[in-house]
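Engineer: Predicted model, plus sequence, below.
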Amino acid sequence: MKKIYGVIGDPIAHSMSPAIHNDAFDQEQMDAVYHHFHVTPECLQDAVKGMKAIGVSGFNVTIPHKTAIIPLLDEVDELAQAIGAVNTVVYRDGRYIGYNTDGKGFYKALAEEVSGDLASKKTLIIGAGGAARAIYFTLVKEGVKQVDIANRTKERAETLISECPYEKQSTALTMLEAEANIMAYDLIIQTTSIGMSPKVDDTPLDVTAIKASAVVSDIIYNPLKTKILMEAEQNGAKTQNGLGMFVNQAALAFQIWTGVMPDTSRMEQIVLNKLG
Ligand code: ATR
């Protein structure tokens, strides 16, 4: 029988997930289909019950449900529990189990880009919201211990550091403090919405003093090159946009559901075609 997968969110109409997952099911010759489902917050509980009742095999969870879904699941993986957000749910033996592949997707994409030992890199995360939380906790859990966090509201960066349950050496900074010490970092990770289309001239901080050997990664992929990435490149640094994170979080979800790792370069091409 055809298996059903999907993504729940509000809004959801513009999600690129159906295109990449349906292509991956075709490629792997699996009898499965992936839909997008518009689920409002008031309907979340009924939606989860309904999906279980009709046997939906797995689904992605996006804004605004990543945290609210946790108490509605039968089990939540340790990292997702620590992050406090689930983006992937799988049906196993009558139970819905939640995972978070956002941070891992980011980490996988980053590891492909960075040469040498990731764990020894002195890292700066810009931003302290939900995306920063998934990335920070995953990096630290994977062994990257020296991770500072710069945020417009420094207290939020302090809270994030204090809530991270894994061993780390982290300092909370203002944007100005981070900018003054920017040459110290091997890796700079931009997790805010600053620079996202249509406000493409915005940038969170000045990177003109970065090391030429630094890698600057932005989780935004529209535009493909944000202002901070352009400025980092002008200073000789290597850059990475958010396409790799998006594609790898999807690929890791697909792997949780099917046991098969799909072709991420095909997924990337589909997203690029949709972006135009
Ligand atoms: P997400 O889940 O996408 O990370 P979020 O939880 O709302 O979204 O977090 C947004 C992040 O972007 C925060 O770090 C926020 O800074 P504050 O904590 O100070 O609000 C940051 N951010 C968003 N817009 C910003 C702006 N115009 N200038 C500086 N920081 C901004």
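Structural biologist: Right, received. Where do you want to start? Residues are numbered from 1 along each chain as shown.
Engineer: Going by residue numbers, what spans are helices in the stretch 151-276 of the chain?
Structural biologist: In order along the chain, the stretch 151-276 of the chain carries the following helices (DSSP state H, counting those that start in this stretch): 154-163, 175-180, 227-234, 243-258, 264-275.
Engineer: Let me know which of these is the nearest to the ligand.
Structural biologist: helix 154-163 (4.3 Å; Cβ to the nearest ligand atom). For glycine as for every other residue, the C-beta is placed from the backbone atoms N, C-alpha and C.
Engineer: where does the residue in the stretch 1-150 of the chain positioned nearest to the ligand land on pLDDT?
Structural biologist: Closest residue of the stretch 1-150 of the chain to the ligand, Cβ to the nearest ligand atom: G129 (1.9 Å). pLDDT, G129: 97.
Engineer: so it sits right up against I194, yeah?
Structural biologist: No. In this structure, G129 is not within contact of I194 by Cβ atoms under 8 Å, at 11.2 Å.
Engineer: Of these two, which one has the most company?
Structural biologist: Neighbours were counted for G129 and for I194 using other Cβ atoms under 10 Å; I194 has more, 19 against 13.
Engineer: Now do the phi/psi pair for that one.
Structural biologist: phi -70, psi 120 (degrees, to the nearest 10).
Engineer: so how far is I220 from it?
Structural biologist: Going from I194 to I220 by Cβ to Cβ, to the nearest Å gives 9 Å.
Engineer: Surely K154 and L173 touch.
Structural biologist: Yes. Taking Cβ under 8 Å as the definition, K154 is a contact partner of L173 at 6.9 Å.
Engineer: Give me the more crowded residue out of these two.
Structural biologist: Using other Cβ under 10 Å as the criterion, K154 and L173 rank with L173 on top: 21 against 16.
Engineer: For that one, which non-adjacent residue is spatially closest?
Structural biologist: Distance criterion Cβ to Cβ, 6 or more residues apart in numbering; nearest residue to L173, sequence neighbours excluded, is A150 at 4.3 Å.
Engineer: try T239
Structural biologist: T239 sits nearest to L229 (Cβ to Cβ, 6+ apart), 4.2 Å away.
Engineer: Hmm, the one you found is touching K238, no?
Structural biologist: No. Between L229 and K238 there is no contact under Cβ under 8 Å: 9.9 Å.
Engineer: Now for those two: what residues contact both?
Structural biologist: V216 (Cβ atoms under 8 Å, 6 or more residues apart in numbering).
Engineer: Show me which of the two is the more surrounded one.
Structural biologist: Ranked by neighbour count (other Cβ under 10 Å), L229 and K238 place L229 first, with 24 against 16.
Engineer: which ones are touching that one?
Structural biologist: By Cβ under 8 Å, 6+ apart, L229 lies in contact with 216, 218, 239, 241.
Engineer: and of these, the nearest to the ligand?
Structural biologist: Using Cβ to the nearest ligand atom, the contacts of L229 come closest to the ligand at D218, 12.4 Å.
Engineer: Can you name the residues bridging to the closest one?
Structural biologist: D218 forms beta bridges with Q190, as assigned by DSSP bridges.
Engineer: Close to the ligand: what parts of the stretch 101-250 of the chain are there?
Structural biologist: Taking Cβ under 6 Å from any ligand atom, the part of the stretch 101-250 of the chain that reaches the ligand is made up of 127-132, 151-153, 156, 191-194, 204.
Engineer: Can I get the buried part of those residues as one ChimeraX selection?
Structural biologist: Written as a ChimeraX command, the selection of buried residues from these, which uses 16 or more other Cβ atoms under 10 Å, is:
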select :127,128,130,131,132,151,156,191,192,194,204
